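Student: coordinates only, no sequence provided:
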């Protein structure tokens, strides 16, 4: 039978229980949450290949023109008389790092060439860049006639770094912190957020739907499509449940937000800095909104913590049992100890960590049905009830269960 949790009193005690689940800033950063503006090195990892659109996470070392070309292109586009700004200083530092990287790469290339010239050992090129050279027309690629989601039909050994305009990356990846006070007079104490994303022509994930649910009342506070302000490759309809036609219809009717900035402003009308924001792998949702928020509760992090604690408890129980058996039998040999240590802990035998898997396991609820796509309101409610399940089943001894209605 499916488990559902009704409205919960927004009492100080229940709110305090939520606050006790907020991770530290270090833990949030390790989980992928952005808590400050991206550094120059972070920004460098946002650069993408112009052909396959993959992120060049190593600064373009495996690209055709190397990291120096991409950095120099950005630096050369700046006026010579312009005083050096912090961002330009970052470019200079990146150039220095690129020179060092180039020297290392050249040494590695010499070694590779010397090895490749050995007789009887032909070296096959590594195809790093895989892409479709054509365009999409009627859901098919003009280059090969394959469906839009088909594997790339062409490949190259090296990536081709995209050339960005001055400040283009910085503008796209600027984050915004929650205002101290909400736009409305009665901000929510705790909300659950879930977003759907499509894929831009640049390869970036782009926000296309945002849903916000009040944690205590289960009331849907916000649910709207978000019209991207960039060219889209596709809307990930299979997973997002949103098609290009749906977005176009919403645009004509004026029933969608225009761009992530407008969507973020709408969310900010519901929350303030003291609001607790709940999500499942919520770093993806907040990143799609370019939103920095200090109080986060993440059900994925909670599930991982729970499994770690259960694993530790099980291993301790096994060790205690082995110790008792050793005392009874006059000692356990090394092989027996090794066998005990090799046994898989309970956490490894559990299901997956996706919201779909956990909703099925913990709530006996089926969501994200195949062929129907995701529903961000349904997912937000599942995240909310999953958190209620964890609190009700005592995440730890220090956190008592919810006070019922």
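Tutor: Yes, it's here. Given the structure is predicted, the values throughout are model-derived calculations rather than measurements.
Student: all strands for the protein, in order.
Tutor: Ranges of strands in the chain, per DSSP state E, are 129-131, 136-137, 140-141, 154-156, 176-177, 190-200, 205-214, 220-227, 232-234, 256-258, 276-279, 291-292, 296-298.
Student: quick check: which of those strands is nearest to residue 317?
Tutor: The closest of these to residue 317 is strand 296-298. By CB to CB, the value is 28.3 Å. Backbone N, C-alpha and C define where each C-beta goes, glycine included.
Student: adjacent strands (with direction) for the closest one?
Tutor: Strand 296-298 pairs in its sheet with strand 276-279 (parallel), by DSSP bridges.
Student: what are the contacting residues of the partner strand?
Tutor: Strand 276-279 has contacts (CB atoms under 8 Å, 6 or more residues apart in numbering) with 15, 18-19, 22, 189-194, 215, 271, 285-286, 293, 295-299, 383-384, 387.
Student: let's go with 7 Å and repeat that
Tutor: With contact meaning CB atoms under 7 Å, 6 or more residues apart in numbering, strand 276-279 is reached by 18-19, 22, 189-194, 215, 271, 285, 293, 295-298, 383-384, 387.
Student: kindly report the same for stretch 183-193.
Tutor: Residues outside stretch 183-193 that contact it (CB under 7 Å, 6+ apart): 10, 15, 18, 212-216, 221, 268-272, 275-279, 282, 285, 380, 383-384.
Student: how about a cut-off of 8 Å?
Tutor: 10, 15, 18, 181, 210-216, 221, 265, 267-272, 274-279, 282, 285-286, 297, 380-381, 383-384, 387.
Student: where are the low-confidence patches of this structure?
Tutor: Applying pLDDT under 70 to the chain flags the ranges 59-99, 101-121, 182, 330-350, 371, 395-405.
Student: middle-most residue in it, spatially?
Tutor: Centroid-nearest residue in the chain: residue 284, 3.5 Å away (criterion: CA atoms, centre = their mean).
Student: wait, isn't that one in contact with residue 196?
Tutor: No: applying CB atoms under 8 Å, one finds residue 284 not in contact with residue 196, separated by 10.4 Å.
Student: turn the strands of the chain into a markdown table, columns for mean neighbour count.
Tutor: Output for those, formatted as a markdown table (neighbours: other CB atoms under 10 Å):
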| stretch | mean neighbour count |
| --- | --- |
| strand 129-131 | 18 |
| strand 136-137 | 12 |
| strand 140-141 | 17 |
| strand 154-156 | 15 |
| strand 176-177 | 14 |
| strand 190-200 | 24 |
| strand 205-214 | 23 |
| strand 220-227 | 19 |
| strand 232-234 | 17 |
| strand 256-258 | 19 |
| strand 276-279 | 25 |
| strand 291-292 | 19 |
| strand 296-298 | 24 |
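Student: need these in CSV (columns: distance to residue 52).
Tutor: Listed next are these as CSV, based on distance: least, CB to CB, whole Å:
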stretch, distance to residue 52
strand 129-131, 4
strand 136-137, 15
strand 140-141, 13
strand 154-156, 9
strand 176-177, 30
strand 190-200, 13
strand 205-214, 16
strand 220-227, 26
strand 232-234, 12
strand 256-258, 29
strand 276-279, 30
strand 291-292, 29
strand 296-298, 31
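Student: wait, which of those is closest to residue 58?
Tutor: Among those, the nearest to residue 58 by CB to CB is strand 129-131 (13.7 Å).
Student: distance from the chain centre to the closest one, please.
Tutor: Between the centre of strand 129-131 and the centre of its chain there are 23 Å (CA atoms, centre = their mean, to the nearest Å).
Student: can you spell out which helices and strands pack onto it?
Tutor: Applying 3 or more CB pairs under 8 Å, 6 or more residues apart in numbering; DSSP states H and E, we find strand 129-131 packed against strand 154-156.
Student: can you list the strands that the strand it packs on pairs with?
Tutor: Strand 154-156 pairs in its sheet with strand 129-131 (antiparallel), by DSSP bridges.
Student: what lies in contact with the partner strand?
Tutor: For strand 129-131, the surrounding residues in contact (CB under 8 Å, 6+ apart) are 49, 51-54, 151-152, 154-160.
Student: select only the buried ones of those in PyMOL?
Tutor: Of the contacts of strand 129-131, the buried ones can be selected in PyMOL as follows, counting by 16 or more other CB atoms under 10 Å:
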select buried, resi 49+51+52+53+152+156+158+159+160
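Student: closest to residue 321 out of the contacts of strand 129-131?
Tutor: For these, the nearest to residue 321 is residue 54 (49.5 Å; CB to CB).
Student: so that closest one makes contact with residue 47?
Tutor: No: between residue 54 and residue 47 there is no contact under CB under 8 Å: 10.1 Å.
Student: how many other residues sit next to residue 294?
Tutor: 15 (other CB atoms under 10 Å).
Student: if I look at the closest residue to it other than its chain neighbours, how far off is residue 179?
Tutor: With sequence-adjacent residues excluded and distances taken as CB to CB, 6 or more residues apart in numbering, residue 294 is closest to residue 273, at 6.3 Å. With the distance defined as CB to CB, to the nearest Å, residue 273 ends up 7 Å from residue 179.
Student: cool, and residue 381?
Tutor: Distance check for residue 381 against residue 179: by CB to CB, it reads 27 Å.
Student: more neighbours, these two?
Tutor: Relative neighbour count places residue 381 above the other of residue 381 and residue 179, with 22 against 12, counting by other CB under 10 Å.
Student: so who does the more buried one touch?
Tutor: Neighbours of residue 381 in contact, by CB under 8 Å, 6+ apart: 192, 213, 218.
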